[in-house]
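# Task: produce atomic coordinates for the following.
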Amino acid sequence: MYRILLATDGSENSQRVVEEVLRIAEALKAEVTALHVIEQYDRSYMAYTPYKVEIRDDLNHIKQLEADRIIEEAAKPFRDKGLAIKTEIIVSKDKSPADIICDIASRGEYNLIAIGSRGLRGVKELFLGSVSNKVAHIGCTNVLIVR
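The predicted structure follows:
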């Protein structure tokens, strides 16, 4: 069975990825998993911000609630069409989203990672990079970057 890992961050580009993966999944009868990675605030990060460490848990809880909304929003079109979709939220404190996406894709033996492009260009891309760019260059499996 063809397996697709749909990486979503809830952005406008992510919605286009959902639409594209929905078309592919219908045509190929593919198994789809929607994945969202949360980068949590930890003690070291909070030490360098004006926020008190005590509110770290509140901020992380808000991120979790947002992740729940994002992943359900990505899964809804599949469920509306009667297609099965798995959902997964990964909490990261030390790995980049790109590394986690590739780890999941490799372990799950996915045939394709579908991810949106934020469209970073020029100097910004050189210094910041993007999750989709990193996923494509890690080379864990085939990658579909949707604009």
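
# Tell me the buried residues in the longest helix anywhere in the chain?
For the chain, the helix that runs over the most residues, judged by DSSP state H, is helix 56-80. Along helix 56-80, these residues count as buried under the neighbour rule (16 or more other C-beta atoms under 10 Å): 56, 60, 63, 67, 70-71, 73-75, 78. All C-beta atoms are positioned from the backbone trio N, CA, C, and that covers glycine.

# Now render the residues you listed as a markdown table, adding pLDDT and distance to residue 12.
What follows is those, written out as a markdown table (pLDDT from 0 to 100; distance: C-beta to C-beta, whole Å):
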| residue | pLDDT | distance to residue 12 |
| --- | --- | --- |
| 56 | 74 | 29 |
| 60 | 85 | 25 |
| 63 | 93 | 20 |
| 67 | 97 | 17 |
| 70 | 97 | 12 |
| 71 | 98 | 17 |
| 73 | 97 | 12 |
| 74 | 98 | 13 |
| 75 | 98 | 18 |
| 78 | 98 | 19 |
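
# returning to what we had before: what does the longest helix of the chain contact?
Here helix 56-80 makes contact (C-beta atoms under 8 Å, 6 or more residues apart in numbering) with 6, 8-10, 14, 18-19, 22, 25, 32, 34, 36, 38-43, 46, 51, 84-85, 87-89, 91.

# Could you point out the helix or strand that follows it?
strand 85-92 (DSSP states H and E).

# Show me the contact partners of that following strand.
Residues from elsewhere that reach strand 85-92, judged by C-beta under 8 Å, 6+ apart: 31-40, 64, 67-68, 71-72, 74-75, 78-79, 100, 104.

# Alpha carbons of that strand, as PDB, please.
Extracted C-alpha coordinates of strand 85-92, given in PDB (Å, rounded to 0.1, in the frame of the first residue of the first chain):
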ATOM      1  CA  ILE A  85      -6.600   9.200   7.900                       C
ATOM      2  CA  LYS A  86      -4.300   8.800  10.900                       C
ATOM      3  CA  THR A  87      -3.200  11.800  12.900                       C
ATOM      4  CA  GLU A  88      -0.100  12.300  14.900                       C
ATOM      5  CA  ILE A  89       1.200  15.200  17.000                       C
ATOM      6  CA  ILE A  90       4.900  15.000  18.000                       C
ATOM      7  CA  VAL A  91       6.300  17.200  20.800                       C
ATOM      8  CA  SER A  92       9.900  18.200  20.300                       C
END
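
# No further queries at this time; thank you.
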